[in-house]
Each structure stands twice: as structure tokens, then as C-alpha cells.
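A.B. asks: Just need the structure, nothing else, for what follows:
(one chain, ligands or ions: 1)
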Amino acid sequence: MTVSLRMFASATLLIVTAATAAAPGDIPAPVAQVAKGAITRDTLRAPIRILASDEFEGRGPATRGDALARLYLSTALEALGYLPGGEHRTWEQGFDIVGIKAKLPATWDFKGKSGSISLKLSDDYIAGSGVQTPTASITDAPLVFVGYGIEAPEYQWDDFKGADVKGKVLVMLNNDPDWDPKLFAGSTRLYYGRWTYKYESAARHGAAGVIIVHTTPSAGYPWQVVQSSWGGTQFELPAENEPRIQLKGWATEDAARRLLKAGGADLDQLVTLARSPKFRPVPIDLRTSIRFENDISRVRTANVAGLLPGSDPQLKDEVVIYSAHHDHFGIGEPDKTGDKIYNGAEDNAAGCAQLLAIARAFAALPERPRRSVLILFVAGEEQGLLGSKYYSLHPTFAPGKIAANINYDGGNFLGRTRDLTQVGAGKSSLDAIAKALVEKQGRRLVPDQNPDKGYYYRSDQFSFAKIGVPALYFDEGTDYIGKPAGWGKQQHDEWTEHIYHQPSDQLNDSWNFDGMIEDATIGFEAGWLITQADAMPAWNPGDEFEAARKKAIAAR
Ligand SMILES: [Zn+2]
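C.D. replies: Numbers count the residues shown, from 1 in each chain. Predicted coordinates:
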């Protein structure tokens, strides 16, 4: 009798706790107090001071600075009482970065029954190798136009319709259908609209290569950006058993128009066809062969992870993962002052510092959170989200047990703002938590002002979303308290032009940490609420990542 009464009492208590936690933004006073003590100017500034120092040499992958940064971060977690959260009970998860420099031919030739055409390297086409072997080649492959190259069951959209494109070169449009607000979130670029998706989609179908038709509106940037970003060495994770195409190509709109014309087709007509869900692949009367050598290099780096085990016997197998990349560009080309060290203070010593402050807050809680917390500093972000991608392919928790990811890339060093930008708003139940916490600070949560640019897919949280984990990512606000309207945007634009990815991204005395304290506090409180809630967060019904989540939950 006593036992069942006790059970009844504790069940009631649980219900009360759950009901309290169900009101998003409701943070108990002791938890808020802990955050106040742990997330301060000093706890944020100190890690930035060391990580962005010249002694850490810009933290380029596989350099001495990289090793120092990893050592610093893992010892900082150890001092806070965290357990090694990497592989084999170490603090790290090591992986190789493969560099591939493709030596492409000056012209790429296509022949058909009615004509032939050559595309000029750089002026007409740009490509990277899809394979990590010394030679890549395509032999006598037919061309086929596959529209957007998208298969999205949630929008009843399938550009392939079961067509056999094995061994073929696929010509594709960039972006995703953006003319109908009910399709692919309207003008918001979903993952289906990113070039990475296009190449993966082609590989899944066994294609030999891809040519994406570049237009400035559909890419979001001019041809020169394609030229500069694909002209040098491409960095990847080592090939595992995933399908791969031989060649990842781009063509200018003009070159694509000429190419398709030589193959008896008209680009404008094909674009019109591609805008219908009834679209089927259109064979182009051209075949092509291409062969080129690759210079391959390999270096090794590592993610750093610390674990705070949860207190609930059941829920501690589930985890909230905080991520921030620790790498930057190392030592490189000098700027006009002769500085060669790319210190990366904002990008991303500031993110690492926020994670350490959040880690400190969790460690200082009077009661351990119910779910576990993993603090994950990922490597190789600047080479293409490689560390987070590696973690997502080799996770230390089953994806179906990862409750959420909260990612920090950058930090506000200009003072308090009335707003906070949520990149990827409208996707999951995390929005309600974020909104409530931001409003509790007397601020407002605003969606990403450039949803067509697809920023949600360009930072480490995307690696988690892709394996189905609901993920939160904030960008700084722009409405600064005590500053005139437009000041924030002006500061941001100047920063992008003069500091972003340059040796001048350094800590200095002008940094104001008041805004960063608030932004880090929101991340801590959001994570705490997720660790305590009975249910894990979920994608909104019909979201592009919902299917991956269902699969992950079923497999857990
Ligand atoms: Zn970054």
C-alpha cells in the first residue's frame, strides 16, 4: 500500500514536471541561475583568446595548431567533469581528409547523329572528380536531361520515373521548384535545391556524371564563384561504400544551351517540361567520353567530444548534441599587412567558447539532466562540413537516440540585439522552444532573411538533419540596442568584406560579449528543456527530413 502510494506520488510529480516542461521557455530559477554563473564575458572570452591566438596558427587541419586546439578543448571538458565522448573511450574521433585535384582536359567533346560540340574548360564547363582514384573516366556515355534530378515523396515529385540512367551523363537544373509556395517551400531553397543533392541523387541512380546548368538566380551566385570554388583542390571524407559518379560538372547557361541544341533539344522547352510533376527524363542525341588524372592527398584530423551522462535510467541513452567546428584555415596567403595567420576568432573560436560555457552550465546544474549531453567540436568544417559529416556517418549514439542538435558557428561580438535569427525556421518542434526562450529575453525570433541561399544546409547542423536529427542553428541578430537602424547590417556587410575568412578575424578589445551571453544562454536553455522533456523533438509533418527521422527511430 505504502509502495503504491509512493508510486502514485512520484507519478504525480512526473506529470507535474512534464507539464511544466511542456510550456516551452519555462526555465526553473536554479537552472537560470546556473546559466548566469557559467555563461559570462570571462568564460566566453578566455577560450577565444587562446584558440584565436597566433600560437594556434589558425587551426588548419592536420597542423600543430589543430593538435593544440584539440588538446585544449578536450582538457577544458575534462576539467569540467566530462567523460571522454569520442571513439574507444578517448576524447577524439579521428578521420582522414582526402584532397583531390582533378586535371581536366581543356575541351570536353560530345558527338551525336546530327552534330558535335566541344565545351571549353572554365569558360563553358567546370568539373571536379567524383572518385578518389588516380584516374576518372567516362566512356561513350549517352546524355539525358533529368529536369531537377529530384525525388521527393513528400511533394509527390519524381523526376526519374524509374528511367534507367545507369552509366549516363545527366544534365540537371539547379535549385528546386520555387514558383509555387506549396511545392518545396516556395522560394526557400531546400536540400533538394543544393548542388550536393544533385550529385548524390545521380550517384544513387548509377549515373556516370552530371552537368548542372548554372544560372545566377538558380545558384545564388555568379559563374565566377563556380570557377573559383571548383578550380582548386576538393576535400572529402575517404570513400566508403557509397555510390559515386565519375565527374561532378557544371556548365554555363549559354554552354548548356549550345550543348542541348547540338543534341537536338531546346533548353527553354526542357525547362518548361521540367516544371511539371509529370516530367520524364528526355534523352539527348549526344554521347561523350572524358578521362582525366587526379592528384590525391590525405591528412588526418579529429573531432573532439565530451560526454555528460544523463540521470534518467531510460532517457540517458538519448542525447542532445551541441556542435561547433574547431578548425579554420591555418597559415595561408598574407593579407596586405603581411599577416598570414587565419586566426578565426569569430569563425569559430566564438562557437567553441559558447559550447564550453554551455558545457560549464550543464556541469554546474544541481541535478544532472535526464538525457545525456554530448559536447562535440567538429573538424574540417571549412573543407565542407567534413567532421560533422564523419560523425553523422559514424555516430557514437544511434541517430534515433539523438534528441536534437544545437550548432554554433560564429558569435555576436557587437552587443545586445532585439532580435535573433533562426536559420531553418519552420522545420521542427524546436521552433516553439526557440521562440519562447528568445521572447523570455524580451527579444524576437526572426527567420533567415535569405532563405533562397540555403544556409541551413551549409553549416554543421545539416549533417545531423540529414540523418534525421532535428537541429537548431541561430545567426546573430541585426537590430542592435542603442544603435541606429541599419547599423547591424552595415557592420555585417563590412565584416563580410574585410574580416570574414581573412587573417583579420581576430579578438580585440572592441568585442562586446553581452549579445553572445544571451545567445549562448538560449542554446543552453533549449538544450536543457530537450534533455528534460518526455518526448524527443520532431520535424514538422511533411518536412524534407521527416522520412530520415522515422527510419532512424524505427532502427533504434
Ligand atoms: Zn564557421
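A.B. asks: what about the strands in the stretch 1-150 of the chain?
C.D. replies: Using DSSP state E, counting those that start in this stretch, the strands of the stretch 1-150 of the chain run over 83-84, 92-103, 107-111, 116-120, 125-129, 135-145.
A.B. asks: Comparing these, which comes out most buried?
C.D. replies: strand 125-129 (a mean of 24; mean count of other C-beta atoms under 10 Å). No exception for glycine: its C-beta is placed from N, CA and C like everyone else's.
A.B. asks: what comes into contact with that one?
C.D. replies: Identification of contacts with strand 125-129 by C-beta atoms under 8 Å, 6 or more residues apart in numbering yields 100, 102, 104, 108, 119, 136, 209, 211, 226-227, 230-231, 234, 246-252, 255, 292, 294.
A.B. asks: out of the strands of the stretch 1-150 of the chain, which comes closest to L183?
C.D. replies: Among the strands of the stretch 1-150 of the chain, strand 135-145 comes nearest to L183, with 19.9 Å by C-beta to C-beta.
A.B. asks: Give the pairing partners of that closest one; include direction for each.
C.D. replies: strand 169-173 (parallel), strand 282-308 (antiparallel) (DSSP bridges).
A.B. asks: What lies in contact with the helix or strand following it?
C.D. replies: Toward the C-terminal end, the helix or strand that comes next after strand 135-145 (DSSP states H and E) is strand 151-152. When contacts are defined by C-beta under 8 Å, 6+ apart, strand 151-152 is touched by residues W157, D158, D159, F160, F184, Y192, S201, E544.
A.B. asks: The same query, at a cut-off of 10 Å, please.
C.D. replies: Applying C-beta atoms under 10 Å, 6 or more residues apart in numbering, the contact partners of strand 151-152 are 157-161, 176-177, 183-184, 190-192, 201, 204-205, 544, 547.
A.B. asks: From those, which land in helices?
C.D. replies: S201, R204, A547 (DSSP state H).
A.B. asks: Against T215, how distant is the first one?
C.D. replies: S201 sits 19 Å away from T215, taking C-beta to C-beta, to the nearest Å as the criterion.
A.B. asks: In terms of neighbours, single out the busier of these two.
C.D. replies: S201 (22 against 16; other C-beta atoms under 10 Å).
A.B. asks: Verify the stated contact: that one with G193.
C.D. replies: No. With contact taken as C-beta atoms under 10 Å, S201 and G193 are classed as non-touching, separated by 11.6 Å.
A.B. asks: Residues that sit against both of these two, list them.
C.D. replies: Shared contacts of S201 and G193, defined by C-beta under 10 Å, 6+ apart, are found at Y148, I150.
A.B. asks: Quick check: residues of this structure near the ion?
C.D. replies: D347, N348, D409 (C-beta under 5 Å from the ion).
A.B. asks: who touches the residue at minimal distance from the centre of the chain in this structure?
C.D. replies: When the chain is reduced to its mean C-alpha position, the nearest residue by C-alpha atoms, centre = their mean turns out to be S459, at 2.8 Å. Residues counted as contacts of S459 (C-beta under 10 Å, 6+ apart) are 323-325, 348, 351, 381, 385, 388, 407-410, 423-424, 471, 473, 475.
A.B. asks: Can you give me the separation between it and S129?
C.D. replies: With C-beta to C-beta as the criterion, S459 and S129 are 25 Å apart.
A.B. asks: Please report how far the residue lying closest to P309 once chain neighbours are set aside lies from E318.
C.D. replies: Nearest in space to P309, with sequence neighbours left out and distances taken as C-beta to C-beta, 6 or more residues apart in numbering, is S372 at 5.2 Å. Note on S372: its distance to E318, by C-beta to C-beta, is 7 Å.
A.B. asks: same question, Y480
C.D. replies: Taken as C-beta to C-beta, the span from Y480 to E318 is 38 Å.
A.B. asks: again, but for E439
C.D. replies: For E439, the distance to E318 - C-beta to C-beta - is 27 Å.
A.B. asks: More neighbours: which of those two?
C.D. replies: Taking other C-beta under 10 Å, E439 and E318 do not tie; E318 has more neighbours (22 against 13).
A.B. asks: quick one: contacts for that one?
C.D. replies: Per C-beta under 10 Å, 6+ apart, neighbours of E318: 310, 312, 370-372, 397-398, 400-404, 530-531, 536, 556.
A.B. asks: can we see that at 6 Å?
C.D. replies: Residues in contact with E318 (C-beta atoms under 6 Å, 6 or more residues apart in numbering) are R371, K401, A403.
A.B. asks: Ranking by neighbours, what's the top pick from those residues?
C.D. replies: Most neighbours among the contacts of E318, by other C-beta under 10 Å: R371, with 28 neighbours.
A.B. asks: How about that residue: what's its closest non-neighbour residue?
C.D. replies: Distances taken as C-beta to C-beta, 6+ apart put T531 closest to R371, at 4.0 Å, once the chain neighbours are dropped.
A.B. asks: which secondary structure element contains that neighbour?
C.D. replies: Secondary-structure assignment from DSSP H and E places T531 in helix 514-532.
A.B. asks: chain center to that helix: distance?
C.D. replies: Distance of helix 514-532 from its chain centroid, counting by C-alpha atoms, centre = their mean, to the nearest Å, is 20 Å.
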